[in-house]
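I would like the atomic coordinates for the input below:
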Amino acid sequence: MKLPSPSFSIGVVLMCAVLFVSSVTVAAGAYSTSADNIETIQQEVDQLYLNSDTGSPGGSALVTLGAEADNVAGYEVNLSFDPSVVQFANATGESLSDPVTNVNNKEGWVYLTSSDPEGVADPTIAFLEFRVVGETGDKSPLQFNDGDTLVNNEDLEVYEASNGEIDLSSTTISVAEIGSDQSSDNGDGSSSGDGSSDQSSDDTAGDNSADENSDSQTEPDDSSTGDTAPQDDSSSGMSTLTIVALAFAAGAILVTAIVGSVLYGVRVGRRQ
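Numbers count the residues shown, from 1 in each chain. Have a look, this model is predicted:
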């Protein structure tokens, strides 16, 4: 019987090795694609919020407009207020450029919009200044009109408040004498109808930084919630790793079997 030459046997082994490496490469590429999809999962805008200082009669009140989101490049906001208590005066951009405004102080609303080419994470969008025309003890709710409120990211993907894609946190501008410890409401509306809120405590003094710290403390909960989708997808990625491992094992067994068969044939041929 004519035995296969050593070069033929080596060629068979090399061909099997190439097939094995190709299968592992394809499986690894499938896992890499899956991982890329996990990383590009988009997160919605979490919240637009307003924080207000307490204003004094004849003075002004400063309101902070901000967002809790990963990528804010533009926005449109329509705010309503009580024109008998405050009048809109000015808006200055902070993390984004100065907004274009359209205001009607007679009816009590102001429309603001701005857009930048690059998105910003958790931006302080703008500072809004209101003139106080009311008296001590007066209050003006400052509320979003969800039908005219939206946010877009740098890819021009739009999130609308009217669709429930944005959580809106309004506020109330309170009027107090200069030197009073009275604080404005924090935007949840819980104390807007309570007369006791006209007298402040040290714990609720009108400090914008305290409101901003409170907002930032809620951010980890939002981010942890947004991470649940990647965790679920990573479990599906593990199944791909399992496929890679099985392909590797099967290829190793195949190569071992072929090499063993060739060597066995060589031994039998020599004995004959």
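
Could you list the low-pLDDT ranges of the stretch 151-272 of the chain?
Applying pLDDT under 70 to the stretch 151-272 of the chain flags residues 179-242, 244-245, 255, 257, 259, 261-272.

quick one, strands of the stretch 101-250 of the chain?
109-120, 124-132, 139-144, 150-152, 158-160, 167-169, 171-174 (DSSP state E, counting those that start in this stretch).

Redo those strands as TSV? Include mean neighbour count.
To be clear about C-beta, it is placed using only N, CA and C from the backbone, and glycine gets the same treatment. Converted to TSV, the strands of the stretch 101-250 of the chain look like this (neighbours: other CB atoms under 10 Å):
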stretch	mean neighbour count
strand 109-120	16
strand 124-132	21
strand 139-144	22
strand 150-152	22
strand 158-160	17
strand 167-169	16
strand 171-174	26
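
mind giving me CSV with the ones you listed and columns for distance to S80?
CSV is the format used below for these (distance: least, CB to CB, whole Å):
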stretch, distance to S80
strand 109-120, 5
strand 124-132, 12
strand 139-144, 5
strand 150-152, 16
strand 158-160, 18
strand 167-169, 12
strand 171-174, 12
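
Quick check: the gap between the nearest residue to N153 once chain neighbours are set aside and F130.
Leaving aside its chain neighbours, N153 sits nearest to N71 (4.1 Å; criterion: CB to CB, 6 or more residues apart in numbering). Per CB to CB, to the nearest Å, N71 is found 29 Å from F130.

The protein - how does it break down into domains?
According to automatic domain parsing, the chain comprises the domains 6-39+229-271, 47-220.

need the helices for the chain, in chain order.
Using DSSP state H, the helices of the chain run over residues 6-39, 208-226, 228-271.

Report how many residues lie close to G260.
10 (other CB atoms under 10 Å).

For P117, see how far away it is.
According to CB to CB, G260 and P117 sit 64 Å apart.

what do you get for G74?
If you go by CB to CB, the gap between G74 and P117 works out to 9 Å.

now E68
Per CB to CB, E68 is found 22 Å from P117.

same check, this time on G251
49 Å.

likewise A67?
Counting by CB to CB - A67 and P117 are separated by 17 Å.

again, but for I253
In this view, I253 and P117 are 55 Å apart by CB to CB.

and what of I243?
Distance from I243 to P117, by CB to CB: 41 Å.

Just list the residues touching the closest residue to N104 other than its chain neighbours, thanks.
Nearest residue to N104, sequence neighbours excluded (CB to CB, 6+ apart): V110, at 7.6 Å. Residues near V110 by CB atoms under 8 Å, 6 or more residues apart in numbering: N78, L79, F81, F88, A91, T101, N102, V103, N104, L128.

mind redoing it with 6 Å?
L79, F88, V103 (CB atoms under 6 Å, 6 or more residues apart in numbering).

now swap in D167 and tell me
Counting by CB under 6 Å, 6+ apart, D167 touches Q47.
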